[in-house]
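> Build me a structure from this.
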Amino acid sequence: MMRQARNRRNPEAGFSMIELLVVIAIAGILLAAALPAMQSHTGTQKLKQATDEVANTLKLARQRAVATNGAVVVQFDSDNSEFFLFDDRNENGQHDNDETMAGPYEIPTGVALADVGFADGKVTFAAAGSASETEAVVLLGLKQNAQRVDVTAATGLIYVSEIYHYVEGEDGTEVLEGGER
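Reported below is the predicted structural model:
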């Protein structure tokens, strides 16, 4: 009996194996409960980073067109989930060996190029900063969350909008609901 009393008072005695297993079990339960929320947050962050990269590449192309006084093209490849930009010195809309290219930039896993509205998947920025057409690129993340990058033809300005619900309609058109970011 004297020995048991001594062990309870001794601060160096440590934890029993049962106490340690209980703590590990509780930590495991908490981690399992938090994991879905962490995955959803990671998916949202990937979508935002991919959208920012697309928007920044479009802005860079516009700035480069103005700075070099020549056409710059951003081309999207939905099949390979990537995009790139190039100086289009001869203005043929194709990347030639003597033209400077940046990229390709890959869309991360879990994010898709859901809709590239530009003809042939390309937008060309002119020396004045204008774009070849007014269109958008829609990036789709987890749980049908999406973001849209809009390009305005007359000014070449780029806007990012958050889409709260993205589905394809029966006739193949998209139903978009959301607001600007």
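> Can you tell me the closest non-neighbouring residue to the residue positioned nearest the centre of the chain?
In the chain, the C-alpha closest to the average C-alpha coordinate belongs to A50, at a distance of 2.1 Å (C-alpha atoms, centre = their mean). Across the structure, with C-beta to C-beta, 6 or more residues apart in numbering as the measure, the residue nearest A50 apart from its sequence neighbours is V111 (4.5 Å). Placement of C-beta: from N, CA and C, glycine included.
> How about the contacts made by the one you found?
Neighbour list for V111: K46, L47, A50, S81, L139, L140, G141 [criterion: C-beta atoms under 8 Å, 6 or more residues apart in numbering].
> Report the spatially closest residue to the fourth one, excluding sequence-adjacent ones.
The spatially closest residue to S81, leaving aside those adjacent along the chain, is I107, at 4.0 Å (C-beta to C-beta, 6+ apart).
> That neighbour - how many residues pack around it?
Using other C-beta atoms under 10 Å, the number of residues around I107 comes to 23.
> gap between it and F118?
In this structure, I107 and F118 are separated by 16 Å, where distance is defined by C-beta to C-beta, to the nearest Å.
> gap between the residue nearest to A50 and P104?
As it turns out, when the distance is counted by C-beta to C-beta, V111 lies 15 Å from P104.
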